[in-house]
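Engineer: Build me a model from this:
(chains A, B, C and D)
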Protein chains: 4
Amino acid sequence: MVFETTAPVRFAHIDAAGIVFYPRYFEMLNAAVEDWFAQDLGVDFRTMHLERGVGVPTVQLSVDFGAPSVLGETLIVRLTPNRIGRTSCTYEALFTASGRDRLRVSGTLVCMDLKTQKAEPWPADIRARMERTVLTTP
Amino acid sequence: MVFETTAPVRFAHIDAAGIVFYPRYFEMLNAAVEDWFAQDLGVDFRTMHLERGVGVPTVQLSVDFGAPSVLGETLIVRLTPNRIGRTSCTYEALFTASGRDRLRVSGTLVCMDLKTQKAEPWPADIRARMERTVLTTP
Amino acid sequence: MVFETTAPVRFAHIDAAGIVFYPRYFEMLNAAVEDWFAQDLGVDFRTMHLERGVGVPTVQLSVDFGAPSVLGETLIVRLTPNRIGRTSCTYEALFTASGRDRLRVSGTLVCMDLKTQKAEPWPADIRARMERTVLTTP
Amino acid sequence: MVFETTAPVRFAHIDAAGIVFYPRYFEMLNAAVEDWFAQDLGVDFRTMHLERGVGVPTVQLSVDFGAPSVLGETLIVRLTPNRIGRTSCTYEALFTASGRDRLRVSGTLVCMDLKTQKAEPWPADIRARMERTVLTTP
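Structural biologist: Below you'll find the model as predicted:
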């Protein structure tokens, strides 16, 4: 199963050339991951970070920027987890607008104990939901 | 009439103390102004900036920060224009969450010709919509 | 005494009109306050926030934006504390470039216990340094 | 030859876990590329974008995040161009602090005509400087 959300291209996102300044895409990507955790994996970032002491830092990213995005567009962000390790999760994210690819991301998150700042196995509830997601993704 | 929109408090907005880093509020405020123009005043920022050559820089801001906002909250942003000059517009914006004030802003926008970088009178269509809004605000 | 620092106008700071997007000025302002604490008041933000458990949230801001700043300029930021309360400090910050005012800020910081999230009196060492600064400011 | 610059870890860069929020690294990376162009390649971003009508969008990025960076550290950013194509340039960037790698980036920039929004060959002066840099890099 693919998780899908949207991100409007705001004035705050664009540069002097009128297109999205690429670091802003990573704010949108992080927001999409937040929404995925809250809406699909059953745990919002507030609960996870502040109550459960678990963080999900990004340890690897590969990004291909296809075409620029302009002010006023609504980007569709599709996030597909495709490999769950003991302490990590690799996903693909595709940003599109007007039926055209904008950027394609492959990223890896790690489950981290915020106190020890070390990787730790995914909590059972999050893992179960992630696996369900991966299994149902064609 | 008051224009109302919402802004989720994202991981990207918060600081080491777990509360919104105040420069992020101004990104939310700018997004609220964008939404106001697009949804209430009939002109989206893309059309206004890139096609009509009109910008609306902020020339004055006064802000009182009442209480901090935390990750996961949804802020309600209420924007009320209260004085329209020949080339300017002064508004109040109130951010609330959980029924409590977070920040109160008084701001002034100026209508600017992006080519000359000088203030110019509001275009008639935008002015008409703004006036309607001010007149109907108690 | 006035604390002075500089801020280059980066590509990341400018908008579609080629001028600084105003929320970015507050990132620069916050950096200037950080430098003031580290260089003049004898306590860097890391030590203050993470070791001493003290934060300095902004509770009030008034800003007049005089003229826009463009890519490649170096802004000079002059910060002058002018009133120290038991738990607060009010300052003026003036941003200039090419001998011309860009924005003028009046801001109030509050000393906050990060655990209780309540205002508390300035620690003696910080207060002593702040007072010295205010007294020597003409 | 390697181009080297530094980036302080500011309060604005860190997240609720007290470490750099990864989209902020890309703002630092973009600033390093800006400095490289201005200081090594002989053309600052203002002149390049606003006068010469040339942009250098990023079309590909691969990033490995080794260790987190904390508030108050000064990151050293070393940028090494390693392949110059007709319209592109691939570089490696290494961020270190306290003698330890933080992130390693491989990125590709493209020379773009801002009017046509299409890739174009590097201007001769920029290309000559880039080549000199690549040739002298071991």
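
Engineer: Please list the residues of chain A that sit near chain B.
Structural biologist: For chain A, the residues in contact with chain B (Cβ under 8 Å from any Cβ of the partner chain) are A:10-12, A:18, A:27, A:30-31, A:34, A:44-47, A:49-50, A:70-72. For the C-beta atoms, the positions are set from N, CA and C on the backbone; glycine is no exception.

Engineer: So which of the residues you listed belong to helices?
Structural biologist: A:27, A:30-31, A:34, A:45-46 (DSSP state H).

Engineer: List the contacts of residue A:20.
Structural biologist: Applying Cβ atoms under 8 Å, 6 or more residues apart in numbering or on different chains, we find residue A:20 in contact with A:9, A:13-14, A:68-70.

Engineer: hmm, 6 Å instead?
Structural biologist: For residue A:20, the contact set (Cβ atoms under 6 Å, 6 or more residues apart in numbering or on different chains) comprises A:9, A:13-14, A:69.

Engineer: Repeat that for residue A:59.
Structural biologist: Under the contact definition (Cβ under 6 Å, 6+ apart), the residues listed for residue A:59 are A:108, A:110, D:65.

Engineer: Spatially central residue for chain A, please.
Structural biologist: Computing the C-alpha centroid of chain A and ranking residues by Cα atoms, centre = their mean puts residue A:33 first, at 3.1 Å.

Engineer: Relative to chain C, how far out is that one?
Structural biologist: Distance of residue A:33 to chain C, computed by Cβ to the nearest Cβ, to the nearest Å: 22 Å.

Engineer: For that residue, give me the pLDDT.
Structural biologist: Taken from the predicted model, the pLDDT recorded for residue A:33 is 98.

Engineer: Need the nearest residue in space to residue A:91, chain neighbours excluded.
Structural biologist: Closest residue to residue A:91 in three dimensions, ignoring its sequence neighbours and counting by Cβ to Cβ, 6 or more residues apart in numbering or on different chains: residue A:81, at 4.5 Å.

Engineer: Tell me how far that neighbour lies from residue A:41.
Structural biologist: 9 Å (Cβ to Cβ, to the nearest Å).

Engineer: got any ranges where chain A has weak pLDDT?
Structural biologist: When residues are selected by pLDDT under 70, those of chain A lie in A:1, A:135-138.

Engineer: Could you pull out the strands in it for me?
Structural biologist: The residue ranges that make up the strands of chain A, judged by DSSP state E, are A:3-8, A:54-55, A:58-65, A:74-84, A:88-97, A:100-110, A:112-113, A:118-119.

Engineer: The last one close to chain D?
Structural biologist: Which is strand A:118-119. No - applying Cβ under 6 Å from any Cβ of the partner chain, one finds that strand A:118-119 is not in contact with chain D, the shortest distance being 11.3 Å.

Engineer: can you list the residues of chain A near chain C?
Structural biologist: Near chain C, the residues belonging to chain A are A:14, A:16, A:18 when assessed by Cβ under 6 Å from any Cβ.

Engineer: If you rank these by neighbours, which is first?
Structural biologist: residue A:14 (26 neighbours; other Cβ atoms under 10 Å in any protein chain shown).

Engineer: for that residue, what are its contacts?
Structural biologist: Residues in contact with residue A:14 (Cβ under 6 Å, 6+ apart) are A:20, A:71, C:16.

Engineer: Same check on residue A:134?
Structural biologist: Residues in contact with residue A:134, defined by Cβ under 6 Å, 6+ apart, are A:81, A:84.

Engineer: what's the answer for residue A:106, then?
Structural biologist: Residue A:106 makes contact with A:62, A:92 under the criterion Cβ under 6 Å, 6+ apart.

Engineer: The one 10 residues further on now?
Structural biologist: If you count contacts by Cβ under 6 Å, 6+ apart, residue A:116 has none.

Engineer: Look up how far residue C:20 lies from it.
Structural biologist: With distances defined as Cβ to Cβ, the gap from residue A:116 to residue C:20 amounts to 41 Å.

Engineer: Could you do residue A:95 as well?
Structural biologist: As it turns out, when the distance is counted by Cβ to Cβ, residue A:95 lies 27 Å from residue C:20.

Engineer: for residue A:106, same thing?
Structural biologist: Using Cβ to Cβ, one gets 34 Å for the distance from residue A:106 to residue C:20.

Engineer: Just give the nearest non-adjacent residue to residue A:117, would you?
Structural biologist: The spatial neighbour of residue A:117 that comes closest, neighbours along the chain excluded (Cβ to Cβ, 6+ apart), is residue D:68 at 7.0 Å.

Engineer: Who are the contact partners of the closest residue to residue A:102 other than its chain neighbours?
Structural biologist: Closest residue to residue A:102 apart from its sequence neighbours, by Cβ to Cβ, 6+ apart: residue A:95 at 4.4 Å. Under the criterion of Cβ under 6 Å, 6+ apart, the contact list for residue A:95 reads A:75, A:77, A:102-103.

Engineer: Could you identify the buried members of those residues?
Structural biologist: The neighbour count (16 or more other Cβ atoms under 10 Å in any protein chain shown) marks A:75, A:77, A:102-103 as buried among the contacts of residue A:95.

Engineer: hmm, who's touching stretch A:86-93?
Structural biologist: Here stretch A:86-93 makes contact (Cβ under 6 Å, 6+ apart) with A:29, A:79-83, A:105-111, A:119, A:121.

Engineer: Narrow these to those that are buried.
Structural biologist: In terms of neighbour count (16+ other Cβ under 10 Å), the buried residues within the contacts of stretch A:86-93 are A:29, A:79-81, A:105, A:107-111.

Engineer: Out of these, which comes closest to residue C:2?
Structural biologist: Of all those, the one with the least separation from residue C:2 (Cβ to Cβ) is residue A:29, at 41.4 Å.

Engineer: Can you give me the distance of the closest one to chain B?
Structural biologist: Distance, residue A:29 to chain B, using Cβ to the nearest Cβ: 10 Å.

Engineer: Residue A:6 now?
Structural biologist: Counting by Cβ to the nearest Cβ, the gap from residue A:6 to chain B is 13 Å.

Engineer: So that residue is in contact with residue A:78, correct?
Structural biologist: No - in terms of Cβ atoms under 6 Å, residue A:6 does not count as a neighbour of residue A:78; the distance is 10.2 Å.

Engineer: Just the C-alphas of stretch A:86-100, formatted as CSV.
Structural biologist: The C-alpha coordinates for stretch A:86-100 follow below in CSV (Å, rounded to 0.1, in the frame of the first residue of the first chain):
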residue,chain,number,x,y,z
ARG,A,86,15.3,-4.8,12.4
THR,A,87,16.0,-1.1,13.2
SER,A,88,15.5,0.6,9.8
CYS,A,89,12.9,1.2,7.1
THR,A,90,13.7,2.1,3.4
TYR,A,91,11.0,3.9,1.4
GLU,A,92,10.5,5.5,-1.9
ALA,A,93,8.8,8.8,-2.2
LEU,A,94,7.5,10.2,-5.5
PHE,A,95,6.5,13.9,-5.8
THR,A,96,4.2,14.6,-8.8
ALA,A,97,2.1,17.6,-10.0
SER,A,98,0.1,18.0,-13.2
GLY,A,99,0.8,14.4,-13.9
ARG,A,100,4.5,14.9,-14.1
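
Engineer: Fine, thanks again, bye for now.
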